[in-house]
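Novice: coordinates only, sequence not included:
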Ligand code: HEC
């Protein structure tokens with residue numbers, strides 16, 4: 001076999017390997033139905049939510065005027081099929097609307113855990129991470145994927 005062929009075979013195998021790894025991760029990888037936050041975290045998140053978000057989004061997340069609801073259909077489907085990192089980035093960069101920099105990533109992860117609990121995604125054993133690299137691996141699915 002010519003060297004160039006060997007190299008391209010090597011590269012192709014490498015890419016194939018990576019692709020397989022990614023799809024394996026997507027298959028067995030977490031989604032919001034797998035229990036990706038803890039109860040304690042959601043309880044902390046509730047307190048922070050009431051302090052920092054509820055004036056606009058409502059005590060029950062029902063939405064008030066311009067501020068949309070953070071529960072049920074319209075909201076849940078907005079983020080359907082996306083990695084949770086995208087929603088988290090939205091929180092990091094834009095919320096609370098009047099002071100997005102004034103709340104730490106950790107507190108925002110707690111608040112997101114609370115939002116998940118209000119949308120009936122199940123709690124689990126590990127807290128929702130606040131690192132982008134980890135949040136990228138968790139998918140937001142509006143409906144529970146079939147087994
Ligand atoms: C000063 C009012 C205000 C506060 C406080 C506020 N928001 Fe918002 N939020 C809005 C408005 C208005 C929108 C829609 C327009 C926009 O995105 O700028 C919005 C949009 C959002 C969205 C996108 C909703 C969707 O349908 O995808 C999310 C998520 C969100 N806010 C979460 C939060 C969280 C979490 C907090 C607290 C950390 C918070 N907001 C605090 C006013 C606010």
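Specialist: Arrived safely. Quantities reported herein were computed from a predicted structural model and do not represent experimental measurements.
Novice: Could you pull up the residues touching the residue nearest the centre of the chain?
Specialist: The centre of the chain sits closest to residue 84, judged by Cα atoms, centre = their mean, with a distance of 2.0 Å. Contacts for residue 84 were tallied using Cβ atoms under 8 Å, 6 or more residues apart in numbering; they are 32, 36, 112, 128, 135-136, 138-140. Where C-beta positions appear, they are placed from N, C-alpha and C, glycine not excepted.
Novice: Just the buried residues out of these, in ChimeraX syntax.
Specialist: To isolate the buried members of those in ChimeraX, using 16 or more other Cβ atoms under 10 Å:
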select :32,36,112,128,135,138,139,140
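Novice: how about a markdown table for the contacts of residue 84, with pLDDT, distance to residue 71 and secondary structure added?
Specialist: Output for these, formatted as a markdown table (pLDDT from 0 to 100; distance: Cβ to Cβ, whole Å; DSSP: H, G, I helix; E, B strand; the rest coil):
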| residue | pLDDT | distance to residue 71 | secondary structure |
| --- | --- | --- | --- |
| 32 | 97 | 14 | coil |
| 36 | 98 | 18 | coil |
| 112 | 98 | 13 | helix |
| 128 | 98 | 17 | coil |
| 135 | 97 | 20 | helix |
| 136 | 96 | 24 | coil |
| 138 | 97 | 19 | coil |
| 139 | 97 | 19 | strand |
| 140 | 97 | 14 | strand |
